[in-house]
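# sequence and predicted model, in that order:
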2 protein chains.
Amino acid sequence: MASDGVGEEVRNKQVIFRDYVKGFPKESDMYVTASTIKLQVPEGSNGVLVKNLYLSCDPYMRNRMNPPIYASYIDSFNPGSPISGYGVAKVLDSGHPNFKKGDLVWGITGWEEYSLLSATKALFKIQHTDVPLSHYTGILGMPGMTAYAGFYEVCSPKKGEYVFISAASGAVGQLVGQFAKLLGCYVVGSAGSKDKVDMLKNKFGFDEAFNYKEETDLDAALKRYFPEGIDIYFENVGGKMLDAVLLNMRNHCRIAACGMISQYNLEEHEGVHNLMNLITKQARIGGFLVPDYYHKYPQFLELVLPYIKQGKITYVEDIAEGLESGPAALVGLFTGRNVGKQLVAVARE
Amino acid sequence: MASDGVGEEVRNKQVIFRDYVKGFPKESDMYVTASTIKLQVPEGSNGVLVKNLYLSCDPYMRNRMNPPIYASYIDSFNPGSPISGYGVAKVLDSGHPNFKKGDLVWGITGWEEYSLLSATKALFKIQHTDVPLSHYTGILGMPGMTAYAGFYEVCSPKKGEYVFISAASGAVGQLVGQFAKLLGCYVVGSAGSKDKVDMLKNKFGFDEAFNYKEETDLDAALKRYFPEGIDIYFENVGGKMLDAVLLNMRNHCRIAACGMISQYNLEEHEGVHNLMNLITKQARIGGFLVPDYYHKYPQFLELVLPYIKQGKITYVEDIAEGLESGPAALVGLFTGRNVGKQLVAVARE
């Protein structure tokens, strides 16, 4: 496709990571610049050259802004280089037998217009294009798999159980809640604004939802919504919310520790005081990382695609337009500015 | 047996719980007195009347000294009544078809010379008497089952894994360590005195052991013994030790939360700061209570009795003589005074 300009040398706008971050990230921790790129895989390379379409803003990316020693489970961003993360892209040129020009992929790419990707193991080929491509940054991508693995695999849910989800309007939380409702659970979510709470109740069908910022006593809030206690907690925030949940568990409660966004910007994480309740309630906390479960992606699609097509799952995206809006969109995650799954539209094919 | 005095009214020395406790329990929180008891099950009762032989001092009993509201998973002791706990006893009279005069049992009994027990569901009949009867307060009783369930069921251990045990010379810890060694694991224990550390290394065959009181930096201590990290942590203490372990986990680490003795006497439990590592290491903490696993007692005996008889497991008891020594023995648990499993010999049949 000549229109893709394969072989040409073109401008490549990029979002560059300025330096390691302490505390809350700021827009100025990144900057947008332009370099050039030849739209061709170098001779002998088995990488792929892609045009980035959608980039995903995910809370875990905060951990990549720490200096290397602190964030051992994942590589830090390199100061002076483009940040990277999940995205949806179109293959313009390929040196890898599994990918060919025109393929659509989702996986780890750069925050730039075009990327030369050598880590093709982190790319999934998109087979279903009768859904919005942007969904592959969320419900059909990493966050969707995270919700699926965390809820079904880590929590072993059963019909009728009492499920609580924090950061419930986010990319992962909104899905966990809907999976839980479809299974016949009682589902309550917490979020950080009235709009999000409304969305949880009216759009995603949660039984109840509350604004944690308006609760002076999280323990009392949970007792209000869970007079009989919590069977499953999908943990996205950590800190005080976790401590309150530990006081409100039913016997054999399962906590899937997916993220602890309330802690990411603290120099020292808050202390959690009520872990003794894990013993008295015979409960468990299981941490997980989604790549461990990517081999189940086909089963996941089999479950979730029909739900989307039949309208049984609702999915809300918060799309920032243009690469330039990337830093603000990413930073906004940590103050809860986004409503629904935050992503950046770089190009629409 | 006329020597048992069935039907007689006899003196019954008792250890009475004075009142609810704050902070470390003291001997004076209990007192010894004597009442009388008729050595016969009342007409129409389906209880059993037992002569208590050995009483078990266990850390969980601290939780029974709290006011009722605080200790929801277990009943508080009743001020003015004898304390109760696990023990070994001989049936003098029975109104229950499953028990007959002369049976030896272990289970929940009173801290007194004779007890009328109505909760016979909490009693196990002792079938094997070719081992010391006192062992049924420990290796062959609740602590043994705790070690078995926590290690095999909660931790799913594999040969060659790196295992850390806190309070390792206690009734449960010493067994977990030996189970782990028999499975071919690398085993390190922590304890609170030089004697206990020596015992772990020289008597129980731990690969390494250290005195946590001599370590100013628990993280550094764990890094010294586990340069590659910890696969399994058997948690008996909580607080700072748990925080240090969280910094030294290998991927997919499993923590069996059995007890948190370092926290029982604090008004507010210490904060644990490193839970985020559960996510990055895909690790889990599982709390458990041993009664959930009592249905596996026969399998447990099949495993452990041969080990004892073949000398493959060593077991150390710290026996206090006489009911009068009970309060000091129980209180001593919380300052680490005991070496090995603490129990009280009330009578030797």
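Looks like it arrived, so ask away.

# mind listing the helices for chain A?
Secondary structure of chain A (DSSP state H): helices at A:142-148, A:155, A:171-183, A:194-202, A:218-225, A:240-246, A:276-280, A:297-309, A:326-332.

# and the closest residue to chain B within chain A, what does it touch?
Per C-beta to the nearest C-beta, A:G271 is where chain A lies closest to chain B, at 1.4 Å. Glycine gets a C-beta too; all of them are placed from N, C-alpha and C. The neighbourhood of A:G271, defined by C-beta atoms under 8 Å, 6 or more residues apart in numbering or on different chains, consists of B:E270, B:G271, B:V272, B:H273.

# neighbours around the third one, how many?
By other C-beta atoms under 10 Å in any protein chain shown, the residues close to B:V272 number 25.

# list the beta-bridge partners for it.
Here B:V272 shows beta-bridge partners A:V272, assigned using DSSP bridges.

# that one contacts B:L242, correct?
Yes: with the criterion set as C-beta atoms under 8 Å, B:V272 and B:L242 qualify as a contacting pair; they are 5.5 Å apart.

# what is in contact with these two at once?
Shared contacts of B:V272 and B:L242, defined by C-beta under 8 Å, 6+ apart, comprise A:L275.

# helices or strands next to the longest strand along chain A in the packing?
For chain A, the strand reaching the highest residue count under DSSP state E is reported as strand A:84-94. The criterion is 3 or more C-beta pairs under 8 Å, 6 or more residues apart in numbering or on different chains; DSSP states H and E, and the helices and strands that strand A:84-94 contacts are strand A:48-56, strand A:104-110.

# parallel or antiparallel, list what pairs with it.
Determined by DSSP bridges, the sheet partners of strand A:84-94 are strand A:48-56 (antiparallel), strand A:104-110 (antiparallel).

# report the rounded mean pLDDT for that strand.
Per-residue pLDDT values across strand A:84-94 average out to 97.

# now the helices and strands packed on strand A:84-94 in JSON lines, with mean pLDDT, distance to B:W111 and mean neighbour count?
Written out in JSON lines, the entries for those read as follows (pLDDT from 0 to 100; distance: least, C-beta to C-beta, whole Å; neighbours: other C-beta atoms under 10 Å in any protein chain shown):
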{"stretch": "strand A:48-56", "mean pLDDT": "98", "distance to B:W111": "62", "mean neighbour count": "25"}
{"stretch": "strand A:104-110", "mean pLDDT": "97", "distance to B:W111": "63", "mean neighbour count": "23"}
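
# need these in a markdown table (columns: distance to A:G177).
Formatted as a markdown table, these follow (distance: least, C-beta to C-beta, whole Å):
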| stretch | distance to A:G177 |
| --- | --- |
| strand A:48-56 | 20 |
| strand A:104-110 | 23 |
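
# out of the ones you listed, which comes closest to A:L117?
Checking the helices and strands packed on strand A:84-94 against A:L117 by C-beta to C-beta gives strand A:48-56 as the closest, at 5.3 Å.

# got the angle for that closest one vs helix A:171-183?
Orientation note: strand A:48-56 sits at an angle of 70 degrees relative to helix A:171-183 (axes from the mean of the first three to the mean of the last three C-alpha atoms, to 10 degrees).

# chain center to strand A:48-56: distance?
Relative to its chain's centre, strand A:48-56 lies at 17 Å (C-alpha atoms, centre = their mean, to the nearest Å).

# got it, and stretch A:309-329?
The answer for stretch A:309-329 is 12 Å, by C-alpha atoms, centre = their mean.

# beta partners of A:S115?
Taking DSSP bridges as the rule, A:S115 bridges to A:V50.

# and the stretch 201-349 of chain A, which of its residues are near chain B?
Taking C-beta under 8 Å from any C-beta of the partner chain as the criterion, the neighbours of chain B within the stretch 201-349 of chain A are A:238, A:242, A:257-260, A:263, A:268-289, A:292.

# pull out the buried residues from these.
Those of these that meet the buried threshold are A:238, A:242, A:257-260, A:263, A:269-289, by 16 or more other C-beta atoms under 10 Å in any protein chain shown.

# and stretch A:143-153, what's buried?
With the criterion 16+ other C-beta under 10 Å, stretch A:143-153 contains buried residues A:P143, A:G144, A:M145, A:T146, A:A147, A:Y148, A:A149, A:G150, A:F151, A:Y152.

# first-to-last residue distance for that stretch?
By C-alpha to C-alpha, to the nearest Å, the extent of stretch A:143-153 from end to end equals 15 Å.

# what of stretch A:14-23?
End-to-end distance of stretch A:14-23: 24 Å, with C-alpha to C-alpha as the criterion.

# ditto for stretch A:315-332
This stretch, stretch A:315-332, spans 19 Å end to end (C-alpha to C-alpha).

# how about stretch A:157-175?
14 Å.

# for burial, what's the neighbour tally of the spatially closest residue to A:A329 that is not a sequence neighbour?
Computed as C-beta to C-beta, 6 or more residues apart in numbering or on different chains, the closest residue to A:A329 that is not its neighbour in sequence is A:A320, at 3.9 Å. Summarising burial for A:A320: neighbours were counted as other C-beta under 10 Å, giving 21.

# ok, A:A320 - contacts?
For A:A320, the set of contacting residues under the criterion of C-beta under 8 Å, 6+ apart consists of A:C57, A:G326, A:A328, A:A329, A:Q342, A:L343, A:V344, A:A345.

# pick out the most distant pair among these.
Of all pairs in the contacts of A:A320, the most separated under C-beta to C-beta is A:A328 and A:A345 at 13.7 Å.

# with neighbour numbers in mind, choose between those two.
A count of neighbours by other C-beta under 10 Å puts A:A345 above the other of A:A328 and A:A345, at 20 against 15.

# got the contact list for the more buried one?
Applying C-beta under 8 Å, 6+ apart as the definition, the contact partners of A:A345 turn out to be A:L53, A:Y54, A:S134, A:I319, A:A320, A:E321, A:G322.

# one step back: CA atoms of the longest strand of chain A as PDB?
The C-alpha trace of strand A:84-94 is given here as PDB (Å, rounded to 0.1, in the frame of the first residue of the first chain):
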ATOM      1  CA  SER A  84       6.100   2.400  25.800                       C
ATOM      2  CA  GLY A  85       3.000   0.500  26.700                       C
ATOM      3  CA  TYR A  86       0.100  -1.400  25.300                       C
ATOM      4  CA  GLY A  87      -1.300  -0.200  22.100                       C
ATOM      5  CA  VAL A  88      -3.100  -1.200  18.800                       C
ATOM      6  CA  ALA A  89      -1.100  -0.800  15.700                       C
ATOM      7  CA  LYS A  90      -1.000  -1.700  12.000                       C
ATOM      8  CA  VAL A  91       1.900  -3.600  10.500                       C
ATOM      9  CA  LEU A  92       3.500  -1.600   7.600                       C
ATOM     10  CA  ASP A  93       6.500  -3.900   7.100                       C
ATOM     11  CA  SER A  94       7.500  -7.200   8.700                       C
END
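
# picking up where we left off before, quick check, nearest of the contacts of A:G271 to chain A?
Distance from chain A was checked for each of these by C-beta to the nearest C-beta. The minimum falls on B:G271, at 1.4 Å.

# quick check: pLDDT value at that closest one.
In this prediction, B:G271 carries a pLDDT score of 92.

# can you check A:A180 too?
98.

# could you count how many residues lie near it?
Number of residues near A:A180 (other C-beta under 10 Å) recorded here: 29.

# distance-wise, check it relative to A:Q299.
In this structure, A:A180 lies at 18 Å from A:Q299, with C-beta to C-beta, to the nearest Å as the measure.

# mind listing what A:T137 touches?
Counting by C-beta under 8 Å, 6+ apart, the residues that A:T137 touches are A:Y54, A:L55, A:S56, A:Y86, A:G87, A:V88, A:W106, A:P143, A:K341, A:L343.
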